[in-house]
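Enquirer: Below is the sequence, then the predicted model.
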Amino acid sequence: MRPASRSICCAKLSATSEIVPIALDSTNCCDTNARMRLTAVSAEDSPDNQPLALARICTLCFACGLLVSAGLLAGCDQYWINSADTIANRVIRQRQLDALGATSDADIGKEDGQSRSGSDPYAFVPHPIDNRVPASFNRPAPLPEMNTGTNGYVDSNGVVVGMDDDEVVGTDGLRPFTLSEALAYAFHHAWDFQTQKEDLYLAALDLMTERQLWTPQLEGEIRARYTNYGQEQSFDQAMAAVSELSATQRLPYGGDVSARIVNVLMRDIGHHTTTGETGQMILEANIPLLKGAGRVAYESRYQTERNLIYAVRVFERNRRILTVDVAGDFFDLLAIKARIGSAQTALDDAIYDLNRTQALFDVGNVEQVEAQRSRVQVLDSRNNLITAEVQYRNALDRFKIRIGMPTESPIDAVDEDLDLFEPDVTEREAIATALKYRLDLINQFDFIDDAQRGVRIARNNFLPAFDFTGSVTMDTDPNRIQSYSYNTERTRWDAVFALELPIDRREERNDFRASLIELRRSERGYELARENVVLDVRSALRNVELARTSMEIQLQNIEVNKLRNEQARELFDRGKIRSNRDLVEAQNAVQSSTNQYANALADYRLAILALLRDCGTLRIDDDGYWVREVPTVN
């Protein structure tokens with residue numbers, strides 16, 4: 001008795017997507033002798049069938065080649081990655097030109113398809129840790145001796161001798177880093193900006209998929225089935241093979257047309273004879289005539305095309321926001337460095353005054369309280385310097401993280417000659433420019449069009465479904481063993497018209513009303529966005545004026561306080577005043593006004609950039625330099 005068995009070999013291939021191999025259930029189908037038996041030309045076949053048998057052999061060999069190719073292509077991740085990146089980048093660049101008139105770098109970087117974590121993604125307990133604490137955390141750190149008389153700043157005689165060099169923030173070994181370099185680095189490495197690049201890339205992938213769906217969809221399928229009937233001696237082993245090839249095209253105004261070819265082969269393996277071979281060709285069309293017909297059928301393509309335009313605008317808007325944010329942080333770094341410089345100057349002056357006051361006290365010209373006041377001034381100046389240095393280090397590390405740079409990178413923020421100036425523009429001109437060029441506002445306006453199309457779709461759904469379905473089918477003669485010769489006399493024509501009776505339209509009524517609400521929401525959203533844009537521009541202009549005025553005031557404060565400091569020092573040195581209080585206050589005032597001017601300068605620069613951003617006129621290239629081509633309002 002021969003045991004019953006079955007082996008199925010199936011592979012499906014699509015010219016529009018990918019080749020997906022399906023594994024064999026057993027190794028019998030891959031046996032060389034079995035394959036030869038399945039495709040051998042039977043001695044009982046007539047000579048007229050020899051070409052058909054040869055064609056069948058070629059067909060099966062071609063199918064085997066496709067299976068092998070499928071196995072190879074399925075593992076070639078890099079090919080698919082490179083192919084998608086090439087097309088997506090081309091689509092993004094074209095849409096940037098269409099929407100913005102210029103392109104910017106939106107490349108998300110090279111991809112190898114491999115995880116960088118190096119961990120086991122299937123572990124039940126990922127990354128276990130122990131409960132121990134490092135010994136250094138259980139050991140108290142040594143504290144410095146709290147003695148202001150012997151701390152390296154005041155000697156045993158009470159005279160300040162200065163600071164150690166290693167206690168001051170230095171720039172030795174640090175690479176000067178300008179704002180332009182920072183912006184160029186951020187455009188390629190900033191963490192959040194990389195995510196925004198990927199959002200743009202995903203929108204491009206969605207459009208690529210949508211466009212592909214509106215091209216001819218070629219699909220093919222081959223199925224082979226082997227059956228062992230056991231006790232049935234007359235027909236104990238059989239193989240059935242079915243091949244199907246189809247092409248489908250969606251129509252832009254609704255419906256689709258398709259063409260299919262189906263071939264079936266029946267083979268008695270035990271007797272090496274072909275028991276049946278038929279073919280069928282089908283041409284079919286499904287076309288809506290009322291509901292779902294017209295431009296509403298193309299809605300998914302309209303929306304996906306526009307979504308990429310929206311994504312391009314959002315990306316460029318975020319790029320300009322990143323520019324302002326990075327520049328603001330960089331200006332803050334420069335302001336902190338200016339505070340370090342003023343703190344160092346104040347400390348040097350305090351050390352000089354303490355030495356002089358101490359000398360005057362030693363000869364009895366001033367009271368001890370004056371020397372103590374000078375000593376406190378030195379300690380406060382030292383504390384201010386150390387505080388500014390720590391603030392700079394912390395701010396610099398945060399800045400590195402913002403632009404995507406490792407915190408260990410040895411850089412030092414340095415100023416450069418920026419082509420940055422306050423534009424000579426009136427409030428009316430600034431608002432008109434912003435209403436025309438603000439990308440987020442343009443998106444809000446275009447959302448109204450999307451909602452209008454939604455209303456038209458909902459209105460179209462009130463129509464009854466009136467569809468036409470037609471087909472033309474040609475079969476081969478079932479009495480003859482052949483699948484490639486079609487008999488036009490056996491052609492069958494079918495035409496079906498189906499009309500829906502619109503009895504219940506409550507769901508469509510609700511959808512229509514909801515679409516109108518969405519339209520009104522989008523209109524209000526635009527009006528709100530427009531008012532916010534006007535507010536942004538007015539606030540930006542006011543901030544520029546405020547920062548400019550503050551900077552001018554601090555410049556005057558610096559001049560006044562410097563003059564005050566010089567006069568107080570001269571009077572104290574000449575002995576006109578016996579107290580150094582006025583001198584200490586004047587020194588503090590000079591340092592304070594210097595620091596406030598540094599902050600005002602940073603605020604003024606940032607306010608100018610914010611004004612350009614809020615007016616939609618901020619242009620910057622991938623190298624971090626301003627592009628001075630401000631569009632004019634018509």
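Expert: In hand now; what should we look at? Numbers count the residues shown, from 1 in each chain.
Enquirer: Spell out, range by range, the strands that occur in the stretch 251-400 of the chain.
Expert: With strands called from DSSP state E, counting those that start in this stretch, the stretch 251-400 of the chain shows them at 256-268, 273-288.
Enquirer: Residue 112 is nearest to which of these?
Expert: Of all these, it is strand 256-268 that lies closest to residue 112, at 38.5 Å by C-beta to C-beta. Every residue, glycine included, has its C-beta placed from N, CA and C.
Enquirer: Please identify the buried residues of that closest one?
Expert: Buried residues in strand 256-268, defined by neighbour count with 16 or more other C-beta atoms under 10 Å: 257, 258, 260, 261, 262, 263, 264, 265, 266, 267, 268.
Enquirer: Next one: the third one from residue 224, what distance?
Expert: Spelled out, that is residue 260. As for residue 260, its distance to residue 224 is 19 Å (criterion: C-beta to C-beta, to the nearest Å).
Enquirer: Could you do the second one as well?
Expert: Using C-beta to C-beta, one gets 24 Å for the distance from residue 258 to residue 224.
Enquirer: now do the fourth one
Expert: For residue 261, the distance to residue 224 under the criterion C-beta to C-beta works out to 17 Å.
Enquirer: which other helices and strands contact the helix or strand encompassing residue 90?
Expert: Per DSSP states H and E: residue 90 is located in helix 77-100. Judged by 3 or more C-beta pairs under 8 Å, 6 or more residues apart in numbering; DSSP states H and E, helix 77-100 is in contact with helix 191-213, helix 299-362.
Enquirer: and for that helix, what are the contacting residues?
Expert: 18, 73, 102-104, 106-108, 111-113, 200-201, 204-205, 207-208, 308-309, 312-313, 316, 439 (C-beta atoms under 8 Å, 6 or more residues apart in numbering).
Enquirer: If we use 6 Å, what do you get?
Expert: 103, 106, 111, 113, 201, 204, 208, 308, 309, 312, 316 (C-beta atoms under 6 Å, 6 or more residues apart in numbering).
Enquirer: Buried subset of these, written for ChimeraX?
Expert: Of these, the buried ones go into a single ChimeraX selection, burial set by 16+ other C-beta under 10 Å:
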select :106,201,204,208,308,309,312,316
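Enquirer: picking that back up, mind exporting the C-alpha coordinates of the helix holding residue 90 to PDB?
Expert: The C-alpha coordinates for helix 77-100 follow below in PDB (Å, rounded to 0.1, in the frame of the first residue of the first chain):
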ATOM      1  CA  ASP A  77      17.900  44.900   1.400                       C
ATOM      2  CA  GLN A  78      20.400  47.500   0.200                       C
ATOM      3  CA  TYR A  79      19.000  47.400  -3.300                       C
ATOM      4  CA  TRP A  80      15.500  48.200  -2.100                       C
ATOM      5  CA  ILE A  81      16.800  50.900   0.200                       C
ATOM      6  CA  ASN A  82      18.900  52.600  -2.500                       C
ATOM      7  CA  SER A  83      16.100  52.400  -5.000                       C
ATOM      8  CA  ALA A  84      13.600  54.000  -2.600                       C
ATOM      9  CA  ASP A  85      16.000  56.700  -1.500                       C
ATOM     10  CA  THR A  86      16.900  57.700  -5.100                       C
ATOM     11  CA  ILE A  87      13.200  58.100  -6.100                       C
ATOM     12  CA  ALA A  88      12.100  59.800  -2.800                       C
ATOM     13  CA  ASN A  89      15.000  62.300  -2.900                       C
ATOM     14  CA  ARG A  90      14.100  63.100  -6.600                       C
ATOM     15  CA  VAL A  91      10.500  63.600  -5.700                       C
ATOM     16  CA  ILE A  92      11.300  65.800  -2.700                       C
ATOM     17  CA  ARG A  93      13.600  68.000  -4.700                       C
ATOM     18  CA  GLN A  94      11.000  68.500  -7.400                       C
ATOM     19  CA  ARG A  95       8.300  69.300  -4.900                       C
ATOM     20  CA  GLN A  96      10.600  71.800  -3.100                       C
ATOM     21  CA  LEU A  97      11.100  73.600  -6.400                       C
ATOM     22  CA  ASP A  98       7.400  73.500  -7.200                       C
ATOM     23  CA  ALA A  99       6.400  74.800  -3.800                       C
ATOM     24  CA  LEU A 100       9.300  77.000  -2.700                       C
END
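Enquirer: Show me what counts as buried in that helix.
Expert: Applying a neighbour-count criterion of 16+ other C-beta under 10 Å, the buried positions in helix 77-100 are 85, 88, 89, 91, 92, 93, 95, 96, 99, 100.
Enquirer: CSV for those, including distance to residue 377?
Expert: CSV is the format used below for the buried residues of helix 77-100 (distance: C-beta to C-beta, whole Å):
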residue, distance to residue 377
85, 63
88, 63
89, 61
91, 65
92, 60
93, 61
95, 63
96, 58
99, 60
100, 57
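Enquirer: Closest one of those residues to residue 372?
Expert: Using C-beta to C-beta, residue 100 comes nearest to residue 372 of the buried residues of helix 77-100, at 65.6 Å.
Enquirer: quick one on the thing from earlier: tilt between the helix holding residue 90 and helix 299-362?
Expert: 80 degrees (axes from the mean of the first three to the mean of the last three C-alpha atoms, to 10 degrees).
Enquirer: just to revisit the earlier point, pick the one among the buried residues of helix 77-100 closest to residue 408.
Expert: Looking across the buried residues of helix 77-100 and measuring by C-beta to C-beta, the closest to residue 408 is residue 85, at 30.7 Å.
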